[in-house]
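Undergrad: Kindly generate the corresponding structure for this input.
(one chain, ligands or ions: 1)
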Amino acid sequence: MAGQERIVVSVRLRPVNAREAERGDGSDWECTGPTTLAFRGTVPERAMFPAAYTYDRVFSAECSTRQVYEEGARRVALSVLSGINSSVFAYGQTSSGKTYTMVGITELSMSDIYDYIDKHPEREFVLKFSAMEIYNEAVRDLLSTDAAPLRLLDDPEKGTVVEKLTEETLRDKGHLLELLAVCEAQRQIGETALNETSSRSHQILRLTIESSPKQFTGRANSSTLLACVNFVDLAGSERASQTAAAGMRLKEGSHINRSLLTLGKVIRQLSKGRNGHIPYRDSKLTRILQSSLGGNARTAIICTMSPAHCHIEQSRNTLLFANCAKDVVTDAQVNVVMSDKALVKHLQRELARLENELKSPGSASCSNHAEALREKDELIKQLEQQLKELMEQKDTVQSQLDSFRRVASEGYIDDCTSRRWNERNWSSESLPHNASEGALSSSDTYDATYEEQDDFGSKELDASHVCRGHHHNPELSERTARQHQQIVEDQSMFSLDPTSNHNSESTDSHHANKEATSEASEEHCKEVQCIETNGLRRRKSQVFSPAIRSYADADATEEKHGESITSTTDNAIQLFTCDTDPSSDTEKPKTDESLALKRCVVSSRDGVLSRSRSCRASFMVIPNSWFDNSADMNMTPPGEIFKYSPSRPEKVRRSLYTENGDLQNDLSLDYPVVTGRVESDEVTDKSTCNFEEEGITSDISCVAETKTKGCTVSHIEKNEKDVGADSSVTSTESPSQWSINFEKKQKEIIELWQECNVSLVHRTYFFLLFKGDKADNIYLEVEHRRLSFIKSSFSAGGEPNATVTSSLRNLRHERDMLYKHMLKKLHLSERESLYTKWGIDLNSKQRRLQLSRRIWTQTDMEHVKESAALVTKLVEHLEKGQAIKEMFGLSFTLNRRDDRRSFSWVGA
Ligand SMILES: Nc1ncnc2c1ncn2[C@@H]1O[C@H](COP(=O)(O)OP(=O)(O)OP(=O)(O)O)[C@@H](O)[C@H]1O
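TA: Next comes the predicted model:
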């Protein structure tokens, strides 16, 4: 588009004027082609000059000014519209037609420029016009009446500028014509011998054009173009002597020549290249036109000639000048105004436009804006309303949450805990000790509810809710029922909450444990609910031993207080509050809700089973349900579970077996059934292992050992003798048959453990505890049925349910816990040995994790034994209570006044 290019040089011959014709001075020049001018004259020195001259274009006398313009100047002149500076010169001797040509070219250019503007409405054009005259090396403003010469200033960016030069912004084309007329009038005109209207000055008409897009379409398209075009009508180039001027005219000629001579020098120098000094500053003319002469401009020079023979010398000079000019190279560039400036201008225009619109309220755009504002106002109102509603909902929920938390953390739990503790005290004081302990039925373990909620407070809340019977927020009933509906299906429903029946430190330790308990332990800390039947309660007092009667008496007392006993049908199942605080009689659950909550219950037909008093069980106790024949199972160390009283077995038997010696039908119910344990003080005192005296062992073996410490086996065996044929389960089997049955049952249980995702510690505990003793049959039987029930609940609905998911999660938590303990409990050598033994690459990553994931994953006996041994190893040296919290939330508490201490089955 632009760049280095040569000055466009053309030559125009004017016609022979009348004066020349009168002298018979014919034309010596002939345009032999569009670009060639040939000398046809006859002169002696002809051989010294070229016969033909070639330029970009030569125009004969017959050519019109329009043709000269279009073919010799138009492209250059209109470059200004593209942001390129341009200049059109007329060079020639006086009376050769310079003014005649330039006037025409200027007008035509202006016309084309306005046409262009009209054809480009998308852009905005600003035209400014200025005119100056260089006369006797003085610059004068042709648009000003002030004849004072103007100074030339050097601007770093613009180059040479004429100080205080008038610059008129053109309104339209007519305005321009007016100004041109003014310039014509202002130009110094002096009559010479050659040209009666000879221009004695150099005239420069300058049109500056700035254009920019009217609409802002991005910074890339927002550039403003700024350029100027100079129309230069030089004074005559003839020598001063030739003008026959004298005096004032002589002076004019010398100045004229000075500028012209400098112009010639500059052109000649430029034609040779830019290496040498270019004497721009030697004259006003060359200073002002510096950029047009070899600078950032596109230039056209039209050399005018008189064809008359008498002007042959001047004509040759003109042609020599033209020859030099055509070798001059300029470097035209598009002048782009900085985009930021253009942007500012655009924004200013946009601001002005908007201001105008605002001043005109009825305008369409203003109407649109008003509509938009109304819509936005509506939207804001709607959003504000929504926000208000949301805030109200938030406040409501927050209030409820606060209430729940308050109830859970302060009221219910504390009440519940204290009531439990009070109850224990109360029971201990008002009832024979074992009655209060034995009053709790292992059936509770099946009532264990497993809160699936993550929120500990919520769990606590519901726990307390159940514990307190119906001393609760009625709004929670439905929710609690739903939760229990799910919870009870969970394997963890067999969990017993370790916090429920803690020792004398229970309340404090409960809260302390709450904080210290890990997530896993929280998962394992579950609530249980106590459900029993009226029939059971009623028959209990008739069938059980005095100790039981004592308990029944306590129940009677409770009933007297209106507590939880629902007088419905025998089959009616009632939710029973865990903590039978007489003071909370009025807070007992309603029968309907009890029914809604029932899942794992003791049937009313199970009239011989002891009633449950314990509402809380912990994880490991479910299984323990079957040796948890004690109502205070969760307050009893594992070993004590087996401390059947010599005087009690019959009642135990009766609670487990029908009169025919068969297991109670309850054991074959769909609901898991647990046996009850009832102890008398006397029996307990005699049979219960004294953990303090004996120093409770700190590993799982203690359980087995305890079991064999004459607390259970001998009594059971004795019981069997007592019961005799009544115990069909065992009495009908020979030792060898029992051994076979045991292995078969054990194998099935192991399989069921795997299928039911039973706690690994429970498996270990159970596996190590029951190794084939004949008296264990009942436990095996109950465990088997319990697991069968769980398995059936797993597949209820034909697909895995939440219970399965929950059990798997718990199992994973337990594995994680074992994984964590590996590092603490196993030396590196032990671990490496285990890795090798269990087929884990010693170099593999997550070796411990792999190991934890493989424990109890198979059912072959070898794997089971190894798994049990490993689990035992991992949990054996735990600090007192730690296992409870972190693994099982299990605490067997010796709930005796003289032996109130927390006991973990994994060690004290
Ligand atoms: N191509 C042309 N056709 C017809 N007439 C012309 C042509 N060129 C010039 N003339 C006439 O010649 C006369 C002198 O022309 P002009 O004034 O333009 O010369 P000039 O070069 O400007 O002289 P000066 O330098 O003295 O001003 C004018 O009367 C003009 O009308």
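
Undergrad: and Ile380, how far is that from the ligand?
TA: 74 Å (CB to the nearest ligand atom, to the nearest Å). (Glycine included, C-beta is placed from N, CA and C.)

Undergrad: quick one: secondary structure of that residue?
TA: Secondary structure, DSSP: H, G, I helix; E, B strand; the rest coil: Ile380 is helix.

Undergrad: For it, which residues are in contact?
TA: Applying CB atoms under 8 Å, 6 or more residues apart in numbering to Ile380 gives no contacts.

Undergrad: That one and Gln386: what is the separation?
TA: Computed as CB to CB, to the nearest Å, the Ile380 to Gln386 distance reads 11 Å.

Undergrad: and Val88, what are its bridge partners?
TA: Phe231, Ala300 (DSSP bridges).

Undergrad: what's near enough to touch Gln746?
TA: Counting by CB under 8 Å, 6+ apart, Gln746 touches Phe767, Phe770, Gly772, Leu780.

Undergrad: from those residues, which would you call buried?
TA: In these, burial by neighbour count holds for Phe767, Phe770, Leu780, counting by 16 or more other CB atoms under 10 Å.

Undergrad: Show me how the chain divides into domains.
TA: 6-339, 408-689+699-903 (automatic domain parsing).

Undergrad: comparing the ones you listed, which gets the lowest mean pLDDT score?
TA: With a mean of 52, domain 408-689+699-903 has the lowest mean pLDDT of the domains of the chain.

Undergrad: in the stretch 751-900 of the chain, what residue is nearest the ligand?
TA: Nearest residue of the stretch 751-900 of the chain to the ligand: Lys845, at 99.0 Å (CB to the nearest ligand atom).

Undergrad: Give me the buried stretch members for stretch 736-750, please.
TA: Buried residues in stretch 736-750 (16+ other CB under 10 Å): Trp738, Asn741, Phe742, Lys745, Gln746, Glu748, Ile749, Ile750.

Undergrad: pretty sure the first one is touching Lys774, no?
TA: Going back to what we said before, that points to Trp738. Yes: here Trp738 reaches Lys774: they are 5.2 Å apart, a contact under CB atoms under 8 Å.

Undergrad: who touches Leu289 in this structure?
TA: Per CB under 8 Å, 6+ apart, neighbours of Leu289: Ser87, Ile204, Asn230, Val232, Leu263.

Undergrad: The last one: neighbour count?
TA: In other words, Leu263. Leu263 has 27 neighbouring residues, counting by other CB atoms under 10 Å.

Undergrad: Report the contact partners of it.
TA: Taking CB under 8 Å, 6+ apart as the criterion, Leu263 is in contact with Leu234, Ser283, Leu285, Thr286, Leu289, Leu293.

Undergrad: my read is Val11 is in a strand, agree?
TA: Yes: the assignment for Val11 by three-state DSSP puts it in a strand.

Undergrad: Distance check, it against the ligand.
TA: 12 Å.

Undergrad: Tell me if I'm right that that residue and Leu319 touch.
TA: Yes: with contact defined as CB under 8 Å, Val11 counts as touching Leu319 (6.9 Å).

Undergrad: in the stretch 251-400 of the chain, which spans are strands?
TA: Using DSSP state E, counting those that start in this stretch, the strands of the stretch 251-400 of the chain run over residues 298-305, 329-332, 336-337.

Undergrad: For Leu205, see how far away the closest residue to the ligand within the stretch 201-350 of the chain is.
TA: Nearest residue of the stretch 201-350 of the chain to the ligand: Gly236, at 3.6 Å (CB to the nearest ligand atom). Using CB to CB, one obtains 18 Å as the distance from Gly236 to Leu205.

Undergrad: again with Tyr116
TA: From Tyr116 to Leu205 the distance is 18 Å (CB to CB).

Undergrad: okay, those two: which has more neighbours?
TA: Leu205 (24 against 17).

Undergrad: show me what contacts that one?
TA: By CB under 8 Å, 6+ apart, Leu205 lies in contact with Thr106, Phe129, Ser130, Ala131, Leu180, Cys183, Asn230, Phe231, Val232, Asp233.

Undergrad: secondary structure class for it?
TA: strand.

Undergrad: cool, and Ala227?
TA: With three-state DSSP as the criterion, Ala227 reads strand.

Undergrad: mind listing what the closest residue to Ala90 other than its chain neighbours touches?
TA: Counting by CB to CB, 6 or more residues apart in numbering, Lys98 is the residue found nearest to Ala90 once chain neighbours are left out, at 3.8 Å. With contact set as CB under 8 Å, 6+ apart, Lys98 has these partners: Ala90, Tyr91, Gly92, Ser199, Asp233, Leu234, Gly236, Thr304.

Undergrad: do Asp154 as well
TA: By CB under 8 Å, 6+ apart, the contact set of Asp154 is Thr160, Val161.

Undergrad: For Gln333, which non-adjacent residue is closest in space?
TA: Asn296 (5.1 Å).

Undergrad: what's the neighbour count on the one you found?
TA: Neighbour tally, Asn296, other CB under 10 Å: 18.

Undergrad: so it touches Cys228, yeah?
TA: No: proximity of Asn296 to Cys228 does not meet the contact threshold set by CB under 8 Å, at 10.9 Å.

Undergrad: In CSV: the contacts of Gln746, plus secondary structure and distance to Pro50.
TA: As requested, the contacts of Gln746 are arranged in CSV below (DSSP: H, G, I helix; E, B strand; the rest coil; distance: CB to CB, whole Å):
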residue, secondary structure, distance to Pro50
Phe767, helix, 125
Phe770, coil, 132
Gly772, coil, 135
Leu780, helix, 132
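
Undergrad: count of residues packed around the closest residue to Pro15 other than its chain neighbours?
TA: Closest residue to Pro15 apart from its sequence neighbours, by CB to CB, 6+ apart: Ala61 at 4.1 Å. Neighbour count of Ala61, defined by other CB under 10 Å: 16.

Undergrad: just checking, Ala61 is part of a helix?
TA: No: using three-state DSSP, the secondary structure at Ala61 is coil, not a helix.

Undergrad: list the contacts for it?
TA: Applying CB under 8 Å, 6+ apart, the residues near Ala61 are Leu13, Arg14, Pro15, Val16, Ser27, Pro307.

Undergrad: If we ignore the residues flanking it in sequence, what's nearest the fifth one?
TA: Leaving aside its chain neighbours, Ser27 sits nearest to Pro307 (3.5 Å; criterion: CB to CB, 6+ apart).

Undergrad: So what's the residue count around the one you found?
TA: Pro307 has 24 nearby residues by other CB under 10 Å.

Undergrad: Ok, Asp282 next?
TA: Neighbours of Asp282 under the rule other CB under 10 Å: 16.

Undergrad: Quick one: residues contacting it.
TA: Counting by CB under 8 Å, 6+ apart, Asp282 has contacts Arg258, Thr262, Lys265.

Undergrad: same deal with Cys228?
TA: Counting by CB under 8 Å, 6+ apart, Cys228 has contacts Val80, Asn85, Ser86, Arg206, Leu207, Thr208, Ile209.

Undergrad: one more time with 7 Å, if that's ok
TA: Val80, Asn85, Arg206, Leu207, Thr208 (CB atoms under 7 Å, 6 or more residues apart in numbering).

Undergrad: quick one, phi psi at Ile790?
TA: phi -60, psi -40 (degrees, to the nearest 10).

Undergrad: how about the strands in the stretch 801-908 of the chain?
TA: Under DSSP E, counting those that start in this stretch, the stretch 801-908 of the chain gives strands at 892-893, 902-903.

Undergrad: Quick one: neighbours of Met817, just the number.
TA: By other CB under 10 Å, the residues close to Met817 number 24.

Undergrad: Same question for Ser759.
TA: Ser759: 30 surrounding residues under other CB under 10 Å.

Undergrad: hey, what's Tyr53 bridged with?
TA: Here Tyr53, judged by DSSP bridges, has bridge partners Leu37.

Undergrad: is it true that Glu210 touches Thr224?
TA: Yes: applying CB atoms under 7 Å, one finds Glu210 in contact with Thr224, separated by 6.0 Å.

Undergrad: Pull the contacting residues for the nearest residue to Leu143 once chain neighbours are set aside.
TA: Excluding the flanking residues, the one nearest Leu143 by CB to CB, 6+ apart is Thr166, at 4.1 Å. Thr166 makes contacts with Ser130, Asp141, Leu143, Ser144, as judged by CB under 7 Å, 6+ apart.
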